[in-house]
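S.K.: Structure for this input, please:
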Amino acid sequence: QVQLQESGPGLVSPSQTLSLTCTVSGGSITTNDYYWSWIRQPPGKGLEWMGAIAYSGSTYYYPSLKSRTSISRDTTKNQFTLQLNSVTPEDTAVYYCARLSNWGTIGYWGQGTQVTVSS
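M.R.: Coordinates of the predicted model:
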C-alpha cells in the first residue's frame with residue numbers, strides 16, 4: 001500500500017517561497033510509469049494540477065505556473081518537493097501530493113495540507 005504524506009509550513013508571507021515535501025512509503029518514486037504530482041485546491045474552487053516529477057526525474061509543469069514552480073526529488077529519502085516562488089494570497093489552498101500513473105489515473109493521494117499566504 002503506497003502512502004503519501006505532505007509536510008511544510010502552514011503559513012507563508014506574500015512574496016516568499018512556499019516549500020512542501022511529500023514523503024512516500026510503500027513504493028519507490030523511481031518505479032517506472034508513475035508521475036509524482038502536486039495538486040492544489042483553493043477555497044471554493046476546483047482541483048488544479050500544478051506539476052509532476054516522473055520516475056525518470058523529468059519534470060512537467062502547468063503552463064500558467066511554470067515560471068514560479070520547481071519540483072525536485074531526493075531518491076535516498078523517497079521524497080519529492082514543491083517550491084512555489086513569489087506567492088500571493090491567491091496561492092492559498094489545500095495542497096496535495098499524489099501518484100499519477102502513465103495511463104492517467106491517480107491511484108494515491110496524500111491527506112492534503114492547508115497553506116495560507118498572509119502577512
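
S.K.: Show me which positions of the lowest-mean-pLDDT helix or strand in the chain end up buried.
M.R.: Every helix and strand in the chain was compared by mean pLDDT, DSSP states H and E; the lowest is strand 106-109, with a mean of 93. For strand 106-109, the neighbour count (16 or more other Cβ atoms under 10 Å) marks Y108 as buried. Heads up, the C-betas are built off the backbone N, CA and C, glycines and all.

S.K.: And the very next helix or strand once past that strand, what's buried?
M.R.: Sequence-wise, the next helix or strand downstream of strand 106-109 (DSSP states H and E) is strand 113-117. For strand 113-117, burial by neighbour count (16+ other Cβ under 10 Å) applies to 113, 115, 117.

S.K.: now do stretch 22-29
M.R.: 22-24, 27, 29.

S.K.: Same check on stretch 6-16?
M.R.: 6, 12.

S.K.: what's the offset of it from the middle of its chain?
M.R.: 13 Å (Cα atoms, centre = their mean, to the nearest Å).

S.K.: Tell me which residues are up against that stretch.
M.R.: Here stretch 6-16 makes contact (Cβ atoms under 8 Å, 6 or more residues apart in numbering) with 18-23, 86-89, 91, 95-97, 110-119.

S.K.: again, only using 7 Å
M.R.: Residues outside stretch 6-16 that contact it (Cβ atoms under 7 Å, 6 or more residues apart in numbering): 18-23, 86-89, 95-97, 110, 112-119.
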